[in-house]
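>>> Here you go, sequence then predicted model.
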Amino acid sequence: MVLVHPFRIHQQFRFQLPIPHHEGHLYEPLTLAESLGISWIFAILRGLGRVLVLNFFLQAFLSMQNDNFPFLQELIESSGSSTYYFLLFSAALDIIFFPIGAIVMTEVWTWIIRKYAQMLNSELPHEDIASQITTHALSANLFSIIPFIGDLVLFFLYYFLLYAGLRSNLGASRSLAAVILLTPLVFMAMMISLLVVILFCLFL
């Protein structure tokens, strides 16, 4: 539902407002385990799809080889098995470590949003708001199964869903929502700058 009504679903979570044309039904927020489980399914499909697509292009490339390039053909055929194992190993790593990466990313964003919520209004349900925003942003993983552009769509849609939650659930203005979304980038820039200064002082 968050992909269909990203702003209205968060308004319902926050203010218990029914979504129009849904007969007054109130949807329950997903837990992190539920959202992570659904996202993991699409991560598995993405990994398997990546292996199939890369295998298709590899086989198509081999089939286009001819006797004019015997050395190249023998080289590719001899490394074919190792290429398959590499693809399978890469996909397996993506699938296995997806929950860990998703949990870490969710916890980082939850902490950031919770801190901003506390600064805005100490009486807000900080934990619930931060959890609802970050948990439902994981729904963007649905589009990761799109070949070639899935990761790009996932990236932009994830931040859009965070923005929708910040606007409708936290009640942040457009400018504040943008500032919150840029907070990790600012922290990263500060850390890199600090590291550069430390290295400069050490080798000066």
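Arrived safely.
>>> Averaged pLDDT, the longest helix along the chain. What do you get?
The residue-count maximum for a helix in the chain (DSSP state H) belongs to helix 80-120. Mean pLDDT, helix 80-120: 84.
>>> okay, the angle between the next helix or strand after it and helix 80-120?
Per DSSP states H and E, helix 80-120 leads on to helix 126-137 as the next helix or strand towards the C-terminus. Using axes from the mean of the first three to the mean of the last three C-alpha atoms, to 10 degrees, the direction of helix 126-137 lies 150 degrees away from that of helix 80-120.
>>> okay, the angle between the helix or strand just after helix 126-137 and helix 126-137?
Note on helix 126-137: by DSSP H and E, the next helix or strand toward the C-terminus is helix 150-165. Here helix 150-165 runs at an angle of 150 degrees relative to helix 126-137 (the same axes, to 10 degrees).
>>> Tell me the buried residues in helix 150-165?
Of the residues in helix 150-165, 150, 153, 154, 157, 158, 161, 162, 163, 164, 165 count as buried by neighbour count, 16 or more other C-beta atoms under 10 Å. (C-beta placed from N, C-alpha, C; glycine too.)
>>> same thing with stretch 98-110?
Quick answer for stretch 98-110 (16+ other C-beta under 10 Å): 98, 102, 106, 109, 110.
>>> Please export the C-alpha coordinates of it as PDB.
Once non-C-alpha atoms are left out, stretch 98-110 reads as follows in PDB (Å, rounded to 0.1, in the frame of the first residue of the first chain):
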ATOM      1  CA  PHE A  98      21.100  -8.500   2.200                       C
ATOM      2  CA  PRO A  99      19.300  -8.700   5.600                       C
ATOM      3  CA  ILE A 100      22.400  -7.500   7.400                       C
ATOM      4  CA  GLY A 101      22.800  -4.500   5.100                       C
ATOM      5  CA  ALA A 102      19.100  -3.700   5.300                       C
ATOM      6  CA  ILE A 103      19.000  -3.800   9.100                       C
ATOM      7  CA  VAL A 104      22.100  -1.600   9.400                       C
ATOM      8  CA  MET A 105      20.700   0.900   6.900                       C
ATOM      9  CA  THR A 106      17.300   0.900   8.600                       C
ATOM     10  CA  GLU A 107      18.800   1.400  12.100                       C
ATOM     11  CA  VAL A 108      21.000   4.300  10.900                       C
ATOM     12  CA  TRP A 109      18.000   6.100   9.400                       C
ATOM     13  CA  THR A 110      15.800   5.300  12.400                       C
END
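>>> which outside residues touch it?
32, 36, 39-40, 43, 130-131, 133-135, 137-138, 141, 162, 184 (C-beta atoms under 8 Å, 6 or more residues apart in numbering).
>>> Much appreciated, bye for now.
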